[in-house]
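Undergrad: predicted model and sequence below, questions to follow.
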2 protein chains.
Amino acid sequence: MVYVKREQANENREALLATASRLFRERGIDGVGVAEIAREAGLTHGALYKHFRSKDDLAAEAFTQGLALSRAAFRGEGSRRKRSVAGYLDYLLSSLNRDEPGASCPMTASASEIGRHGRDLSARFAQGFQEKAGAFEAVMDDAIAKAERRRLGLAIVAAEIGAMAAARAVAKSDPSLSDEILKAVHAMLLQASKGQ
Amino acid sequence: MVYVKREQANENREALLATASRLFRERGIDGVGVAEIAREAGLTHGALYKHFRSKDDLAAEAFTQGLALSRAAFRGEGSRRKRSVAGYLDYLLSSLNRDEPGASCPMTASASEIGRHGRDLSARFAQGFQEKAGAFEAVMDDAIAKAERRRLGLAIVAAEIGAMAAARAVAKSDPSLSDEILKAVHAMLLQASKGQ
DNA sequence: TGTACATCAGTGAACGCGCGTTCACTGATGTAC
DNA sequence: TGTACATCAGTGAACGCGCGTTCACTGATGTAC
């Protein structure tokens, strides 16, 4: 494995990104070491530094990669899920999503950590946030004023992030409260998305 | 400082709790070491283990202590802030609150981390969450059905947590987006709290 | 197409460092009589 | 109230461990002629 073709090297890089992305979402950036990431990707930690300048760099790239994957899933590419506010909320606020943080949106999984890291991660979060809000705007009723749709898009995404974080936080001790939170936010956001 | 009266020992314990609570909110539980906490509280790390069984134990106690303090501030004890949904939201979703995570609600500061720690922290979070939701229920219009008030209370608190996490996440790279998020969620929640 | 050689992904030992936790020790504090 | 002694908060050295990062080395891969 020491001497690899370019193609193989690219695959290794992708494996590092995918592994890092998953583990960071599951256990937090501070909760996972580079050695473990490299090992799970089938490499040694030394190789990791041939692909990324630092753990912070890896975290930033992994965040963006996770965003891209979860965006594709969210928009329902290849699925028959309805592209509507209700359809999006059904997906985002499901218990399935709650129970698999490693496969879910990195913004949702790491919300309260991002502010403690560098400007780079912050900018990537901001980008992802606006895109997700834009997806909601795009499926809202045209009768709602543009500025109001923008406001609602931002608020819905923020609320969805909070709902998932809270639902995950209480899941271990109070599963029924966890479900209740998801349903309560779902109902409130669906109502709010119709405008006043 | 080695030989202290009971009273002094209690003060030291409180200092450890207050320091831990602040630092955990500012940098995350995984982001702060016990040595630093003890040092900032004016003790050595050895002393910390006379007051708490482990770092996890300290984290749980610090979380509850932070909850109690922030609850008092939130409910506006000793202030002339209005006890209403609008008054609560003004306070919780302010840029002041955003910029001082070390003094704000521990649920908001650590939302996405709690799910990765033990059942104990989860239960404390759940308790704090329900209390905060209850405070909102208590100031909502009586005309709204009880079950609906409960639903709204939970949804509002979840959304508020998400709004603050998102606002903090983007603050470093896009301060105006950060403000926009806080305002958007404020408007949406105020509207929602009036019932349909 | 063949040859000569720079590039480069990957290895694994090593770096210094800080982590959470334990422990022997100290002697003032607090208690029991 | 005085005395004898167990308790107990705090110290600081030490534990093993994992952290992020660096580096000398390897030799197949890819390129330049």
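TA: Nice, I can see it.

Undergrad: the lengthiest helix in chain A: which residues count as buried?
TA: Ranked by number of residues, the top helix in chain A under DSSP state H is helix A:146-171. Buried residues in helix A:146-171, counted by 16 or more other C-beta atoms under 10 Å in any protein chain shown: A:148-171. For every residue, glycine as well, the C-beta is placed using N, CA and C.

Undergrad: filter these by proximity to chain B?
TA: Filtering these for proximity to chain B (criterion: C-beta under 8 Å from any C-beta of the partner chain) leaves A:150-152, A:154-163, A:165-171.

Undergrad: report the separation between A:Ala138 and chain B.
TA: According to C-beta to the nearest C-beta, to the nearest Å, A:Ala138 stands 17 Å off from chain B.

Undergrad: and that residue, how many neighbours?
TA: Counted with other C-beta atoms under 10 Å in any protein chain shown, residues neighbouring A:Ala138 total 11.

Undergrad: same thing with the one 3 residues further on?
TA: Burial measure for A:Asp141: 10 neighbouring residues, criterion other C-beta under 10 Å.

Undergrad: which residues does it contact?
TA: Residues near A:Asp141 by C-beta atoms under 8 Å, 6 or more residues apart in numbering or on different chains: A:194-195.

Undergrad: now do the SS call for it.
TA: Following DSSP: H, G, I helix; E, B strand; the rest coil, A:Asp141 is assigned to coil.

Undergrad: which phi and psi does it have?
TA: Dihedral angles of A:Asp141 (phi, psi; degrees, to the nearest 10) stand at phi -60, psi 130.

Undergrad: can you check A:Thr44 too?
TA: When read as degrees, to the nearest 10, the backbone of A:Thr44 gives phi -100, psi 160.

Undergrad: for A:Leu58, see how far away it is.
TA: Between A:Thr44 and A:Leu58 the computed distance is 15 Å (C-beta to C-beta, to the nearest Å).

Undergrad: comparing the two, which residue is more hemmed in?
TA: A:Leu58 (22 against 13).

Undergrad: circling back to that earlier point, give me the angle between the longest helix of chain A and helix B:146-171.
TA: Angle, helix A:146-171 to helix B:146-171, by axes from the mean of the first three to the mean of the last three C-alpha atoms, to 10 degrees: 100 degrees.

Undergrad: got the buried residues for the very next helix or strand once past helix A:146-171?
TA: Scanning forward in sequence from helix A:146-171 by DSSP states H and E, the next helix or strand is helix A:175-192. Neighbour counts over helix A:175-192 (16+ other C-beta under 10 Å) mark A:177-178, A:180-189, A:191-192 as buried.
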